[in-house]
Structure formats: structure tokens, C-alpha cells
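I need the structure of the sequence given here:
(chains A, B, C and D)
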Protein chains: 2
Amino acid sequence: MDELTQALVLHFGEMGSRWGISRTVGQIYAFLVFSEDAKNADQIAEALGFSRSNVSIGLKELQSWELVRPQHRPGDRKEYFSVPEDVWDIARTLVRERRRREIDPTLSVLRAAMVDGSNGSPGSYTHQRVEELHDFIELIVGWTDDMQTLDASDIRRMMKLGAGISRVLDFGRRLGRADTDSPESDHSN
Amino acid sequence: MDELTQALVLHFGEMGSRWGISRTVGQIYAFLVFSEDAKNADQIAEALGFSRSNVSIGLKELQSWELVRPQHRPGDRKEYFSVPEDVWDIARTLVRERRRREIDPTLSVLRAAMVDGSNGSPGSYTHQRVEELHDFIELIVGWTDDMQTLDASDIRRMMKLGAGISRVLDFGRRLGRADTDSPESDHSN
DNA sequence: TAGAATCTTCAATAATTTTTGAAAGAACTA
DNA sequence: TAGTTCTTTCAAAAATTATTGAAGATTCTA
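Numbering: from 1, shown residues only, chains lettered A, B, ... in the order given. Below you'll find the model as predicted:
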């Protein structure tokens, strides 16, 4: 593994551990992302200095996230792993899996809390906050679902437009702040 | 602490640990979010069954994320902690801090990799991927920066529009695929 | 079916992270 | 300043998570 890849692998291992993915898994994934061709478990173990069994566990985890796909080569019994070419594919998968594993269960808990009248009146502070949070998450989730239907170039264009979207849509009612280098929001709290 | 809050606290503790925040910190935060009034460290320790020192460490962590703010009450020497009323404020803070801690350093690493010609030609596969990833992250970051300038109700309106944005903007040129279930990318590698 | 190659599981060890009580530090009060 | 209240730090203990070699499966070949 060259120095450059090494640096990237170490960095993304670290990042993985800050986002709830183990260092090992992060490193394996980074190694695959920055490698041109698919790698087998032995190659990964060798390059990263992990035991074969550790790599096996890491790959199993990555497969459960659908972040890598195993492939076979004719005349070779080993299994080779690769990641999607397109970074947008990776992002989509990440969003989808995080949603399935964490967001959906959270929405369930919040909905259960909303229905359950056993504690506090339905108008209690806790209930209010539960509802707020529920609506917030549902809004984000609905939006990401919608985004999943757009192709990368459309999303890219939308993002480039950025806040300019408020001009394109009808948000511009409050003319005062148009796009002058506005006094920016207050930060008071 | 009532049953409802208890369930929420346990759930968000669990979620925290899947997003790189420790269970304790997640629980403390959830407890504050779902509590109407600010709490002091002893109240938190008592409610959650943690030692006083553990709570102190957790609160320090939350303060470093700017997720809680300490307040004082006249005639009371204890420090009380609360979270913003508005869930959008919380989200904004989370985005800002994650960016500062993880995204920006990642961009630095990627930029360094792009400049560093010591490994592989500047057109090598690894370099290409680094550039792709860099551009991708920069796009997202630029967009979130833009979003931070919008107020919650504008973002909400934009999100509700969702994929409909492609109709409002000029994305609709490729009429053929309108909203059919497009063939989507290949994942080949 | 025996043997070879490969992958996975598992119980143990190792490493890391969390949690704690006790001690130290700060800030206020009288 | 001494005493009180509250917070933080710290080294040790506890708990959790990661890592491993060895054993067990599985799949293929001859």
C-alpha cells in the first residue's frame, strides 16, 4: 500500500470511529474505496496488518450495510470485494442504511410515546417535544426519500443553487434581506 | 423521572452510541431535551443513576459541543443546564460541530493528498477518487452553509417541496424519464 | 470420498472506553 | 480567613469492544 493510501486509510479509520463504525471497518472500507481493483480478504489483511479473522468480521459488517459487494473471478475461488464507482451511490446507501437501522426505530419510539397516554397529559411538555422531534425527523426523512429519486446531477444542481433557492421559490417575500450581505441571523438564544 | 422519559432516555442513549457519542452523554442530553426546566448535575445523576463525576464529564463533553448551555439561578450556587427550545437550533449546532470536528479535517487530508505528488501520478486512480470525494464533500458542505443562512420555516418549505423542486427548477428537460423508476447506476467495479 | 482451499465462528486475550470514589480546586459566605 | 457548597480531576476498577489463533464449516477438485 502506498503512502498516500496509507494516510487516507488511517484518517478514515479514525473518522469511522467517530461515526459509530469501528476503526477496523473504516480502514477496510477506505482501503477498498481508494483501490482501483477489488481485493480479497488476504490482501486486505496483509495491507492493513489485521488478522484474517478480523478482516472476515469487518467484511461481514460492511456487507450487512451493503457497502461492499463480493464478486468472484473465473478460475479463482477467493472472494473479491469492491465498492461502487460513484460516490453518490455510496452516500445513498449510507443514508438508506442509517435510516433503516436508526431513524426508523427512533420514529417508532417517538410514535409509541405519542400514543401512550400513561404518562403526563397528552399536552405535557415531554409530549410536545416528542411531537416536535417526530415531525422534524419525518420532514428530513421525507425529503431524503424524495432526493433518492433524483439523479446525482439534479441533486448537484439543486445544491449548487443553495440558498438561492429562496429566490427561485417564493420565499422572497421578506424583501428587506434579499441577497445583500445581510446582517445575518441574531444568534440570540 | 417518569416512564415515558425513561424510555426516551434509554433509546437516545443507544442511538448516541451508534453515532459516536457515548451512551451516557446521549442519555444526559435526552434527559435535558425532554425535561421542561433546566437541571443541575445532581438531579441528572440522580435521575439517570450515574455518579456525580460521570455526569460532570458528560456535561463537559456536551458543552464542548455547545449542545447545552449552563445557567445560574439567583440565590442558588448550583449550575443548571438546558438545551435550545427549537429542534432546528439543535440540528444546526450538530451540523456545525460535526463539520468543525470531522468534515473540515477530512477536507484538509483530501486536499493534502491532492497536492502531494509523491505517490502515483496526479492522474492515478487514488488521486481521482480523492478528488471526487473532495468535490462531493465540498458540495455538501457548501450547501449546508447556505442552508444555515435560511430560517427554519424556509428550509421546511424547501424540504416539503422535495423532489418537486425538479419541476420548479429547470431539471425537467429530460422529459423521457420524468418520474419513472430509472435504471439507476450499476455498482460495477 | 479425500484432500485442498477458502471462509466463518468462537472462546480467550488484549485494548479501549466508561465509570467511580476520593481528593483537589473554586467560588462564595459569614 | 475558615467553613461551606459545588465542580472538576484523576488513578483505579469495571465494563465493553476489538482482535486473534485455532477449530469448524463449506465448497470445490480429482
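
For A:Phe31, give me the pLDDT.
Here the pLDDT value assigned to A:Phe31 is 98.

A:Asp181 now?
38.

export the top strand by length along chain A as PDB, just CAs?
Ranked by number of residues, the top strand in chain A under DSSP state E is strand A:76-82. Extracted in PDB, the C-alpha atoms of strand A:76-82 (Å, rounded to 0.1, in the frame of the first residue of the first chain):
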ATOM      1  CA  ASP A  76     -10.200 -18.200  -8.600                       C
ATOM      2  CA  ARG A  77     -12.000 -19.400  -5.600                       C
ATOM      3  CA  LYS A  78     -11.300 -16.400  -3.500                       C
ATOM      4  CA  GLU A  79     -13.900 -13.800  -2.900                       C
ATOM      5  CA  TYR A  80     -13.100 -10.200  -4.000                       C
ATOM      6  CA  PHE A  81     -14.700  -7.100  -2.600                       C
ATOM      7  CA  SER A  82     -15.300  -3.700  -4.200                       C
END
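
could you dump whichever helix or strand comes after it to PDB, C-alpha only?
Using DSSP states H and E, the helix or strand that follows strand A:76-82 towards the C-terminus is helix A:87-98. C-alpha atoms of helix A:87-98 as PDB (Å, rounded to 0.1, in the frame of the first residue of the first chain):
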ATOM      1  CA  VAL A  87     -19.600   8.500  -4.500                       C
ATOM      2  CA  TRP A  88     -23.300   9.300  -4.800                       C
ATOM      3  CA  ASP A  89     -24.100   5.600  -4.700                       C
ATOM      4  CA  ILE A  90     -22.100   5.300  -1.500                       C
ATOM      5  CA  ALA A  91     -23.900   8.200   0.000                       C
ATOM      6  CA  ARG A  92     -27.300   6.900  -1.000                       C
ATOM      7  CA  THR A  93     -26.500   3.600   0.600                       C
ATOM      8  CA  LEU A  94     -25.300   5.200   3.800                       C
ATOM      9  CA  VAL A  95     -28.400   7.300   4.000                       C
ATOM     10  CA  ARG A  96     -30.700   4.300   3.400                       C
ATOM     11  CA  GLU A  97     -29.000   2.000   5.900                       C
ATOM     12  CA  ARG A  98     -28.700   4.600   8.600                       C
END
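
Helix A:87-98 and chain B in contact?
Yes - against chain B, helix A:87-98 shows contacts by CB under 8 Å from any CB of the partner chain at A:87-89, A:91. C-beta coordinates here come from the backbone N, C-alpha and C atoms, glycine included.

Understood, closing this out.
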